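Asker: Test case, fold it:
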Amino acid sequence: MLHCRKFRMMISVMLALFLGGFALMPVSLESEEAFQDIQSLQQVRLSEEEREMLERDAVANEGDILTIGLSQIGSESDWRIASTASVQACFSSRNGYDLIFDDAQQKQENQLKAIREFIDQDVDYIILDPCVETGWDSVLKEAKEAGIPVIVYDRRVDVSDEGLYVAWVGSDFRLEGDRACAWLREFLKSKNMTDSIGIVDLQGTLGASAQIGRTEALEAAVRENEGWNLIAQESGDFTEGKGQEVMRDLLNRLGDKIDVVYCENDNMAYGAINALKEKGYTVGTDLAKGDKLVLSFDATRNGLKLTLDGGIAVNTECSPLYGPILTDMVVKLDQGQALAHDTYIEEGQFSALSYIGSIRVSDRSYPVTALTEDLIRTRTY
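Answerer: A predicted model of the protein is given here:
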């Protein structure tokens, strides 16, 4: 596990995992009031105060200015916006960096072009959050031949030689999915629900690491749990608009056969809930009365608000705050220190249902934090 000297944000996340909460009764999200803010949940941005805090938590470069080329996927979700803000805040001029930022608008060809431009500009380091896993060999070889180290973060790359990039840091997306499915198993057990359940999977961008890991986890859980039926899988591209469109279509085709909606990020969950409301369905935890149970990933502040309100049953964290970690990695590389090639970050899981306090995956126990308003206010994103 990589540790940043001043990475206080990780401490706040760890504290959140141990904060208790009062037992909350299961609720259904039925009223107009409960839904009225969902459309406004997108395009969340960090405040100036939060940006300044992240900038202070970064590891400063105290030598000559380092030029960093950052290729970001886009701005398709709250998570992505917070991730970009974190990296931009940390790689500031006051911290000794010159950051060249490129928004690929969710197109790999734009990222390939940006990396080649970074090489032409002779940047000191390239940081890549890849849109998809494959198709990077040639451009990473070009960067290596130019003597420019590449750090990959968040999503992974699948290349013929892992020496083409110096390090990767990110989430264990398969574990995130396994934890969500383990929570669903415990929830159904607590309700004595042994009958067949219909599950639909709103997948992220196909080929992205997060989509691959979370989808694989669900597919494995369906094979392992009798009565779990995966009745449809459709990509919502990690966006609210596409998530709503896909959910509308699934409801038109499958309707009452759907019991559980497995959304592979918060923004698609917002869209799915909107579509469910349009069709007159209720969202909550009382499946016997016809509620649709929504599971989500990311644990953005707005996603957690919906979780506390009962719109999302469980929200599995995927932290976007990579800025401090990435500055630490760059400074260590510049000082000639070796980095672990692969580093996973620790993440939490949250629900308003406090009676499921932990789940088990592969013989390891993981806490499920009971949500409170106070806990949500501590979140940076």
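Asker: so what's the nearest residue to residue 301 once chain neighbours are set aside scoring on pLDDT?
Answerer: Leaving aside its chain neighbours, residue 301 sits nearest to residue 379 (4.6 Å; criterion: Cβ to Cβ, 6 or more residues apart in numbering). All C-beta atoms are positioned from the backbone trio N, CA, C, and that covers glycine. pLDDT for residue 379: 83.
Asker: Going forward, count from 47.
Answerer: Taking 47 as the first residue, the last one we looked at is residue 425.
Asker: ok, which stretches of the stretch 247-396 of the chain are strands?
Answerer: Using DSSP state E, counting those that start in this stretch, the strands of the stretch 247-396 of the chain run over residues 274-281, 306-309, 329-330, 339-344, 360-363, 388-390, 395-397.
Asker: Quick one, which of those gets closest to residue 188.
Answerer: Nearest of the strands of the stretch 247-396 of the chain to residue 188, taken as Cβ to Cβ: strand 388-390 at 22.8 Å.
Asker: What is the closest one packed up against?
Answerer: In terms of contacts (3 or more Cβ pairs under 8 Å, 6 or more residues apart in numbering; DSSP states H and E), strand 388-390 is packed against strand 213-216.
Asker: try 7 Å
Answerer: Contact partners of strand 388-390 among helices and strands, from 3 or more Cβ pairs under 7 Å, 6 or more residues apart in numbering; DSSP states H and E: none.
Asker: Give me the sheet partners of it and which way each runs.
Answerer: Sheet partners assigned to strand 388-390 using DSSP bridges are listed as strand 213-216 (parallel).
Asker: Pull the contacting residues for residue 143.
Answerer: 107, 111, 112, 114, 137 (Cβ atoms under 7 Å, 6 or more residues apart in numbering).
Asker: so residue 360 touches residue 226, yeah?
Answerer: Yes - here residue 360 lies in contact with residue 226, judged by Cβ atoms under 7 Å, at a distance of 6.3 Å.
Asker: Common neighbours of these two, please.
Answerer: Each of residue 341 lies in contact with both residue 360 and residue 226 under the rule Cβ under 7 Å, 6+ apart.
Asker: In this protein, where is pLDDT below threshold?
Answerer: When residues are selected by pLDDT under 70, those of the chain lie in 47-92.
Asker: Can you give me the domain boundaries for it?
Answerer: 67-88+219-365+394-423, 94-216+367-390 (automatic domain parsing).
Asker: Packing partners of the lengthiest helix in the chain?
Answerer: Ranked by number of residues, the top helix in the chain under DSSP state H is helix 219-236. Here helix 219-236 touches helix 255-270, strand 339-344, strand 360-363, strand 404-407, going by 3+ Cβ pairs under 7 Å, 6+ apart.
Asker: is it true that residue 198 lies in a helix?
Answerer: No - under DSSP: H, G, I helix; E, B strand; the rest coil, residue 198 falls outside any helix and is assigned strand.
Asker: since we're on it, how many residues are nearby?
Answerer: By other Cβ atoms under 10 Å, the residues close to residue 198 number 25.
Asker: Now do the same contact list for the residue lying closest to it once chain neighbours are set aside.
Answerer: Distances taken as Cβ to Cβ, 6+ apart place residue 214 nearest to residue 198, at 4.5 Å, with adjacent residues excluded. The neighbours of residue 214, taking Cβ under 7 Å, 6+ apart as the test, are 198, 199, 202, 387, 388.
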